[in-house]
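Asker: can you look at this prediction? I've put the sequence above it.
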Amino acid sequence: KASKKVYFNNPMWPGEAHSLKVDKVLYKGKSDFQEVLVFESSTYGKVLVLDGIVQLTEKDECAYQEMIAHLPLCSILSPKTVLVVGGGDGGVLREISRHTSVEQIDICEIDKMVIDVSKRFFPELAVGFEDPRVHLHIGDAADFLRHAPKGKYDAIIVDSSDPVGPAQELVEKPFFETAARALRPGGVLCNMAESMWLHTHLIQDMISVCRETFKGSVHYAWASVPTYPSGVIGFLICSTEGPPVDFVNPVNPIEKLEGALKHKRELRFYNSEMHSAAFALPSFLKREVSSL
Ligand SMILES: NCCCN[C@H]1CC[C@H](N)CC1
């Protein structure tokens, strides 16, 4: 019976378990921060698992990586400097690189093993590291942001794992305050914001903190990702107060902004209709989370 208990006791989704058929285990390791597993699934391609939690699969990673990158970057005029917090698999970098206006991409990933494993088993994501605009920093992002120049970034994308373990501090007020300080006026933060079906308390807490910290706007968006718990994942899009001309409506991208995307035909999930639709929220969420 012990095996049954092990499957159903993740505090992020108690009583719930998700399974994919494993054809072959390709890598098993343990870094200073977490256990790393890569396996070939029978129907979702290769899968990256950290501490027993699915991070991405080749089949559905496009939904998450494209939305977390293009929701913020298609909401502001010609983003130039972008910071990625986490994102060690390189998928978000691949997406940011499509924006021709971007001149500098900093990335701060705490676990080098994730980068090395992605380069070895997920070249179609790790390709993001090959862009010459990318500057890689290995370390704690909260620390990195505390030392970042005030107002340096047009956009900060927090591509984190769940807030248990290394990513715990990335949902707390001090982190959001350092992110707001590092953004220019009218700059935008987009961070992973869990599931509307499972985490409305956490979403409420994050939105309350963000409304205090970001004087521009705070919006919640979501996308379908079949291999994430409850099959959806949310995004919190926050902007610092700034000249209105600099921050277009985060819900409806300006068509020409989308036009600034290189290799648009490679996009498998994002488009301007999905961008706008992502901000449409179910009634239970609007009821359970105030100010949505
Ligand atoms: N860059 C890979 C996605 C990392 N994002 C998280 C993975 C684990 C999920 N429970 C929540 C999103």
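Answerer: Yes, it's here.
Asker: contact residues of the protein facing the ligand?
Answerer: For the chain, the residues in contact with the ligand (Cβ under 6 Å from any ligand atom) are 53, 55-56, 64, 87, 89, 91, 159, 161-162, 192, 228, 233. Glycine gets a C-beta too; all of them are placed from N, C-alpha and C.
Asker: make TSV out of those residues and add distance to F39 and secondary structure.
Answerer: Output for those, formatted as TSV (distance: Cβ to Cβ, whole Å; DSSP: H, G, I helix; E, B strand; the rest coil):
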residue	distance to F39	secondary structure
I53	14	strand
Q55	12	strand
L56	12	strand
Y64	19	helix
G87	21	coil
D89	15	coil
G91	18	helix
D159	21	strand
S161	17	coil
D162	19	coil
M192	23	strand
Y228	17	coil
I233	21	strand
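Asker: for the chain, just list every one of the strands.
Answerer: Applying DSSP state E to the chain gives strands spanning 22-30, 35-41, 46-50, 53-57, 81-86, 104-109, 134-138, 153-159, 183-192, 218-224, 232-239.
Asker: on that earlier part again, of the residues of the chain next to the ligand - the most surrounded one?
Answerer: In terms of neighbours by other Cβ atoms under 10 Å, the residues of the chain next to the ligand top out with G87 at 30 neighbours.
Asker: which stretches of the stretch 51-200 of the chain have low pLDDT?
Answerer: Residues of the stretch 51-200 of the chain meeting the criterion pLDDT under 70: none.
Asker: try it again at 90.
Answerer: Counting by pLDDT under 90, the ranges of the stretch 51-200 of the chain that qualify are 75-78, 163-168, 186.
Asker: which stretches in it count as helices?
Answerer: 61-73, 91-96, 112-121, 123-126, 141-146, 173-182, 200-213 (DSSP state H, counting those that start in this stretch).
Asker: buried deepest among the ones you listed, which one?
Answerer: The highest average neighbour count among the helices of the stretch 51-200 of the chain, using mean count of other Cβ atoms under 10 Å, belongs to helix 91-96 at a mean of 27.
Asker: one step back: now distance to N10 too, for the strands of the chain, in a markdown table please.
Answerer: Formatted as a markdown table, these follow (distance: least, Cβ to Cβ, whole Å):
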| stretch | distance to N10 |
| --- | --- |
| strand 22-30 | 18 |
| strand 35-41 | 14 |
| strand 46-50 | 12 |
| strand 53-57 | 7 |
| strand 81-86 | 19 |
| strand 104-109 | 23 |
| strand 134-138 | 27 |
| strand 153-159 | 20 |
| strand 183-192 | 17 |
| strand 218-224 | 21 |
| strand 232-239 | 16 |
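Asker: what sits closest to E172 if chain neighbours are left out?
Answerer: Computed as Cβ to Cβ, 6 or more residues apart in numbering, the closest residue to E172 that is not its neighbour in sequence is V209, at 7.8 Å.
Asker: quick check: the one you found vs the ligand, distance?
Answerer: Distance of V209 to the ligand, given as Cβ to the nearest ligand atom, to the nearest Å: 19 Å.
Asker: so that residue sits right up against K173, yeah?
Answerer: Yes. If you go by Cβ atoms under 8 Å, V209 and K173 touch, sitting 4.9 Å apart.
Asker: who's the closest residue to L20 other than its chain neighbours bridged to?
Answerer: Excluding its sequence neighbours, the residue lying closest to L20 (Cβ to Cβ, 6+ apart) is S41, at 4.5 Å. Beta-bridge pairing for S41 (DSSP bridges): V22.
Asker: next, count neighbours for S41.
Answerer: Count around S41 with other Cβ under 10 Å applied: 19.
Asker: my read: L285 touches E194, true?
Answerer: No. In this structure L285 lies outside contact range of E194 using Cβ under 8 Å: 11.9 Å.
Asker: make TSV out of the residues of the chain next to the ligand and add distance to I105.
Answerer: Shown next, in TSV, are these (distance: Cβ to Cβ, whole Å):
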residue	distance to I105
I53	26
Q55	20
L56	19
Y64	18
G87	10
D89	15
G91	13
D159	12
S161	20
D162	24
M192	18
Y228	25
I233	22
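Asker: from those residues, which is closest to H147?
Answerer: Distance to H147 across the residues of the chain next to the ligand (Cβ to Cβ) is lowest for G87, with 18.9 Å.
Asker: contacting residues for the closest one?
Answerer: Going by Cβ atoms under 8 Å, 6 or more residues apart in numbering, G87 touches L93, I107, E109, I157, D159.
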